[in-house]
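In: curious how this folds, go ahead:
(one chain, ligands or ions: 1)
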Amino acid sequence: MTRQAAGHAALMDGNYRFQRHVYDATRKHYLLGRDKLVAALDVPPGGSVLEIGCGTGRNLLEVGRLYPHARLYGLDISRAMLETAASAFGNRLPPERWHLAQGDAAQLDAGSLFAVERFDRVFASYTLSMIPDWEQAIDAALAALKPQGTLHVVDFGQQAALPHWFRSGLRAWLRRFHVEPRAGLHTVLADRARVAGRELRFNSLYRDYAWLARIGPAGFPQSAPDRRASAATMGCGR
Ligand SMILES: C[S@@+](CC[C@H](N)C(=O)[O-])C[C@H]1O[C@@H](n2cnc3c(N)ncnc32)[C@H](O)[C@@H]1O
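Out: Modelled structure (predicted):
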């Protein structure tokens, strides 16, 4: 790990040393759209799924429940979070189904960490808003995909359709936890998808509170939020 990444790891450990014990109970109220992301993963039989910034493992456990054949891989920079994830996985899943590793998502080297180079699904849930080099993390995630694989992202949007007081209050509160919603997320994902010859599907959720995005091979199937978004664009649905 670079010196900069080691500093960020220490910051994240400080953030979560105590928070991790109440994390799942408290975050379910405001990390919205995570279950939509998991439901749309559509993991192929025996498929491999990597979460970058897996935190307590809450999402990967849900992936394991919905897709009992999936092999689960979790990367996080915080050792404290990984300890919590390992104890949750150990209680609920056989050891051969899951692998956790500490590392910086911006410098992802899946081959060394997991002995797997490419995954069927890679996802980032409320993580890019905490990674200083988030564009590099997107590049690394795309590089870790199989040709038919898909990248899924859910994160804070820009709250464009919510009252101004709500937006500024939320932003001030998120800053206390070192979270910075990425205004350029759509542009960067669209650019990276174009360069990789892939397609981007991008949805704004809950009055722009959150953004949900997927990048896949040309013509990859639409999910329920994609279908609703195109119906709304055509003026024939909500
Ligand atoms: C807000 S939590 C989200 C956890 C989980 N994805 C969820 O949806 O509940 C963000 C997680 O990203 C991790 N993280 C932050 N920067 C990271 C980096 N550079 N590389 C890997 N993980 C990182 C944090 O340690 C934390 O566990």
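In: hey, where'd the helices end up in this structure?
Out: Under the criterion DSSP state H, the chain carries helices at the ranges 3-16, 23-27, 34-39, 58-66, 79-92, 110-114, 134-143, 164-175, 185-195, 224-233.
In: out of those, the one nearest Pro217 is which?
Out: helix 185-195 (10.3 Å; Cβ to Cβ). For the C-beta atoms, the positions are set from N, CA and C on the backbone; glycine is no exception.
In: distance from the chain centre to stretch 16-25, please.
Out: Distance of stretch 16-25 from the chain centroid (Cα atoms, centre = their mean, to the nearest Å) equals 18 Å.
In: no wait, stretch 69-82
Out: 12 Å.
In: which one is Ala140 nearest to, not counting chain neighbours?
Out: Leu108 (3.9 Å; Cβ to Cβ, 6 or more residues apart in numbering).
In: kindly report the same for Gly216.
Out: Closest to Gly216 by Cβ to Cβ, 6+ apart is Thr150, at 4.0 Å.
In: specify the beta-bridge partners of that neighbour.
Out: Beta bridges link Thr150 to Arg121 when assigned by DSSP bridges.
In: burial count for it?
Out: The number of residues packed near Thr150 is 25, by other Cβ atoms under 10 Å.
In: any idea how far the ligand is from it?
Out: Per Cβ to the nearest ligand atom, to the nearest Å, Thr150 is found 17 Å from the ligand.
In: for Thr56, same thing?
Out: Between Thr56 and the ligand the computed distance is 6 Å (Cβ to the nearest ligand atom).
In: who are the contact partners of that residue?
Out: Arg20, Tyr23, Asp24, Met81, Thr84, Ala85, Ala88 (Cβ atoms under 8 Å, 6 or more residues apart in numbering).
In: what is the neighbour count of the fourth one?
Out: By the other Cβ under 10 Å criterion, the neighbourhood of Met81 contains 26 residues.
In: that one against His21, yeah?
Out: No - here Met81 does not reach His21: they are 11.2 Å apart, not a contact under Cβ atoms under 8 Å.
In: if we can go back for a sec, would you mind putting the helices of the chain into JSON lines with mean pLDDT and distance to Tyr206 alongside?
Out: Converted to JSON lines, the helices of the chain look like this (pLDDT from 0 to 100; distance: least, Cβ to Cβ, whole Å):
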{"stretch": "helix 3-16", "mean pLDDT": "88", "distance to Tyr206": "25"}
{"stretch": "helix 23-27", "mean pLDDT": "79", "distance to Tyr206": "15"}
{"stretch": "helix 34-39", "mean pLDDT": "94", "distance to Tyr206": "10"}
{"stretch": "helix 58-66", "mean pLDDT": "96", "distance to Tyr206": "18"}
{"stretch": "helix 79-92", "mean pLDDT": "94", "distance to Tyr206": "25"}
{"stretch": "helix 110-114", "mean pLDDT": "96", "distance to Tyr206": "32"}
{"stretch": "helix 134-143", "mean pLDDT": "98", "distance to Tyr206": "21"}
{"stretch": "helix 164-175", "mean pLDDT": "94", "distance to Tyr206": "11"}
{"stretch": "helix 185-195", "mean pLDDT": "97", "distance to Tyr206": "16"}
{"stretch": "helix 224-233", "mean pLDDT": "66", "distance to Tyr206": "11"}
